[in-house]
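Asker: could you look at this predicted model? Sequence included:
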Amino acid sequence: MIFVNGYSVDTAQISGFDRLTSAQKQIGEKLKNSRESFYYSSPHQFLFEVVMRSNIVAAAYAMRDSGAGFATFVNSRCNPQYWRRTAYGGFLLRPGVPPSDAITDIFINGKKYGFECTTAIMIMLYKAVLESIGTKMFNQLFNGLLLYSTEHDEDLQIIAAPSGDSLPGDVRYIKNPEHHPNTPQWQGENVVDLGNGKVFGHGIGTGTIGEIIDVLNTKRMPGATVSAYLTSEIIRPHYRLMAEYTRHPVRRLLGGAI
């Protein structure tokens, strides 16, 4: 259910909802029909969440099609024009490089990059933020980016819900408790809910939760008996706080100025 200013509302009551894309409207309806309760202080906060969730899904598909490879931190690689690879395998934004250009390059020149699934999640979230708030605000907020595991800039607000309904744009974790000791990178897989019964996990690709589990089960130690499984925790950006980075999500979708 969705609540605006303390009142339960229908999506049809929210000004601007009718101007969203069909995919975004479906996300809005999923929020409304969820068993969870989502509270907003303004219609803008709700619209921003819908828009950014759709942008996370779009970023996941773009990551899948980018050509970016899967690599452990030891073997990670990046485009040195935009990033400096750190000693521990992270990517640090080079001085003078606009963070929007550096994030966009990952999706354009993906074959120059290789990283683990945790780093992939952060890249997809940054890409979604960029598309949601625009280049100018993104560059103001995220100058000095470091891409490494789940490390993230404090302006990228992230929260963890212990459980709930999985919705498009949510980040989930599939744990592989008996992974092979020689391949710790397969101790689990971070995935993005694509909203159609499918998820995307960097290094595995798109598929159902069951299909991702099947892949992880091939990465277990000899004699393993415990299957990989979907954990209950859900990772989400704090959409209500991040909505303050822009006041006009619908106008942005229609190509207007912020």
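Answerer: Ah, there it is.

Asker: centre-most residue in this structure?
Answerer: Nearest to the mean C-alpha position of the chain, by C-alpha atoms, centre = their mean, lies L125 at 3.9 Å.

Asker: can you give me the helices in the chain?
Answerer: Assigned by DSSP state H, the helices in the chain fall at 22-33, 43-64, 99-108, 117-133, 135-141, 209-217, 239-242, 249-253.

Asker: what's the closest of these to Q185?
Answerer: helix 117-133 (8.1 Å; C-beta to C-beta). Where C-beta positions appear, they are placed from N, C-alpha and C, glycine not excepted.

Asker: how about the helices of the chain in JSON lines, adding mean pLDDT and distance to D153?
Answerer: Conversion of the helices of the chain to JSON lines gives the following (pLDDT from 0 to 100; distance: least, C-beta to C-beta, whole Å):
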{"stretch": "helix 22-33", "mean pLDDT": "96", "distance to D153": "25"}
{"stretch": "helix 43-64", "mean pLDDT": "97", "distance to D153": "16"}
{"stretch": "helix 99-108", "mean pLDDT": "98", "distance to D153": "9"}
{"stretch": "helix 117-133", "mean pLDDT": "96", "distance to D153": "8"}
{"stretch": "helix 135-141", "mean pLDDT": "95", "distance to D153": "7"}
{"stretch": "helix 209-217", "mean pLDDT": "97", "distance to D153": "28"}
{"stretch": "helix 239-242", "mean pLDDT": "94", "distance to D153": "12"}
{"stretch": "helix 249-253", "mean pLDDT": "54", "distance to D153": "21"}
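
Asker: the ones you listed: which one's closest to Q187?
Answerer: Here helix 209-217 is closest among those (C-beta to C-beta), at 9.0 Å.

Asker: which residues does stretch 104-116 contact?
Answerer: Contacts to stretch 104-116, defined as C-beta atoms under 8 Å, 6 or more residues apart in numbering, come from residues 59, 62-63, 66-73, 75-79, 81-82, 91, 123, 127, 130, 147, 149, 185, 202-203.

Asker: can you say which of those residues are buried?
Answerer: Buried members of those, counted by 16 or more other C-beta atoms under 10 Å: 59, 62-63, 66, 68-71, 73, 76-79, 82, 91, 123, 127, 130, 147, 149, 185, 202-203.

Asker: and for L141, the neighbour number?
Answerer: 18 (other C-beta atoms under 10 Å).

Asker: separation between the nearest residue to it once chain neighbours are set aside and S34?
Answerer: Nearest residue to L141 in three dimensions, chain neighbours excluded: D155, at 4.4 Å (C-beta to C-beta, 6 or more residues apart in numbering). D155 is 27 Å from S34, where distance means C-beta to C-beta, to the nearest Å.

Asker: ditto for H238
Answerer: According to C-beta to C-beta, H238 stands 17 Å off from S34.

Asker: next one: S66
Answerer: Here the criterion is C-beta to C-beta. By it, S66 lies 31 Å from S34.

Asker: can I assume S8 is in contact with F38?
Answerer: No: counting by C-beta atoms under 8 Å, S8 does not reach F38; the two are 10.5 Å apart.

Asker: now for the residue lying closest to D10 once chain neighbours are set aside: which residues touch it?
Answerer: Of all residues not flanking D10 in the chain, K32 sits nearest, at 6.8 Å (C-beta to C-beta, 6+ apart). Contacts for K32 (C-beta under 8 Å, 6+ apart) come out as M1, I2, D10, T11.

Asker: may I see the helices of the chain organised as TSV, with distance to V191 added?
Answerer: Shown next, in TSV, are the helices of the chain (distance: least, C-beta to C-beta, whole Å):
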stretch	distance to V191
helix 22-33	17
helix 43-64	9
helix 99-108	18
helix 117-133	8
helix 135-141	25
helix 209-217	6
helix 239-242	19
helix 249-253	25
